[in-house]
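1. Let me see the structure of the following:
(2 chains)
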Amino acid sequence: MGEELKRILGIAIPLIIVCIISGVALTASYDLTKGRIDAVEQEKITESLSIIFPGASFTEMNDYYSATMGGEVIGYAFIAEGKGYSSTIRTMVGFYPNGTISRIHVVSQSETPGLGTMIAEPDFTNQFSGKRIEDVRLSQDGGVIDAITGATISSRAITDTVRERAGVVMNETR
Amino acid sequence: MKLDELTKGVFRYNPIFYLVLGLCPLLAVSTRVDNALGMSLGVFFVLVSSNVIISLFRHWIPSQVRIPCFIVIIASFVTIVELFMHGYAPELHGRLGIYLPLIVVNCIILGRAEAFASKKPVFHSFLDAIGMSIGFTLAIVGIAICREVLSTGKIAIFGYTIVPTFTQSPSVMMILPPGAFLTIGIIMALINYRSIRKEGR
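-> Predicted coordinates for the structure are as follows:
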């Protein structure tokens, strides 16, 4: 019995030690990078807000931002989150009080490199500018947005999320 | 002799074309040259660190639980790389996205830990890891060059255009998985053709 216990502990203890050391190393690097990662994420949001309404100042409401310039509300911005082809696509969307999109900007996504990732390129996102919220659909679904060849799922995901969320936020702002 | 540990991974035992390991990240990330370079950097760091650590502790790790130990060590290094990349190179992190965690299951790393680092001294394992990383980098960047040129009609690395646009109708297929299989197949065929001809002489 004593021999057997020794043998088992001889195998188990090294594994336990490896796990403990890994745990400590992971905790340390998580703590070291946490502040930095939060800053990076916050920076992304501020940066995309200023892309959508350049020069405006923003006040955070419940789940959207209202953009003001010279004391006057010029529009609203919010983050639309939706399931893409292989990741969650987060998009910053800005629209004017009259219901047209000002701009959209993809904050984060991990779609297929070189294919689905093209939804973040200006060639695609510029199509949204100046369109009515209800017209934001792929052209094959009867809308005005042209999908990216080979990445219809990603294109449809971002288009539908933007339209649906914009409709909801639009009602909230009234 | 020692130099051989370094160079064997680059050509003679190239992890991709000779050992045929690590094809999953190769297929997924070889669509653009800059993604391929980022992936290589991650693999380089994880492979060197895990090889050195595993070789250092090779006498203390009981053979019955060596695989769980290797996986825990490798997974920890990958997570550390991911955390630091997220904080300090957010651009690259955004692009490599889901492929970073995949380094854990990159069989080159577990393969080298099992076949080499767990049996050889630290310095040899260090050289082996560097050689294997260079071999992986050459393979993935080479394939990415072929695929990016053919699928976008140009090469742009981190925003700098290396090869200007030469065609307006590039082949979308090359960016999809079949493009990777075709490229790997053709390169592997050429390498084998060459080595068969060499033997024939």
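2. alpha carbons only for contacts and neighbour counts from here, please
-> Fine.
3. Just give me the neighbour total for the residue of chain B found nearest chain A.
-> Of all residues in chain B, the one sitting closest to chain A is B:Gly87 (4.4 Å; C-alpha to the nearest C-alpha). B:Gly87 sits with 20 neighbouring residues when counted by other C-alpha atoms under 10 Å in any protein chain shown.
4. Surely it and A:Leu32 touch.
-> No. Using C-alpha atoms under 8 Å, B:Gly87 is not in contact with A:Leu32; the gap is 9.5 Å.
5. Name all residues that make contact with A:Thr59.
-> Counting by C-alpha atoms under 8 Å, 6 or more residues apart in numbering or on different chains, A:Thr59 touches A:65-67.
6. what's the distance between B:Thr31 and B:Tyr99?
-> 12 Å (C-alpha to C-alpha, to the nearest Å).
7. So between the two, which is more surrounded?
-> B:Thr31 (31 against 18).
8. Out of the contacts of A:Thr59, who's the most crowded?
-> Within the contacts of A:Thr59, neighbour counts (other C-alpha under 10 Å) peak at A:Ala67, which reaches 26 neighbours.
9. where's that one relative to B:Phe44, distance?
-> Relative to B:Phe44, A:Ala67 is positioned 45 Å away (C-alpha to C-alpha).
10. Which pLDDT value belongs to whichever residue of chain A sits closest to chain B?
-> The minimum distance from chain A to chain B, using C-alpha to the nearest C-alpha, falls at A:Ile37 (4.4 Å). Reported pLDDT at A:Ile37 in the predicted model: 90.
11. Pretty sure it sits in a helix.
-> Yes. A:Ile37 sits within a helix when classified using DSSP: H, G, I helix; E, B strand; the rest coil.
12. What count of nearby residues applies to it?
-> 20.
13. Please identify which helix or strand holds the closest residue to it other than its chain neighbours.
-> Distances taken as C-alpha to C-alpha, 6 or more residues apart in numbering or on different chains place B:Gly87 nearest to A:Ile37, at 4.4 Å, with adjacent residues excluded. If you go by DSSP states H and E, B:Gly87 is part of helix B:66-88.
14. Mind listing what's buried along that helix?
-> Across helix B:66-88, burial judged by 16 or more other C-alpha atoms under 10 Å in any protein chain shown covers B:66, B:69-87.
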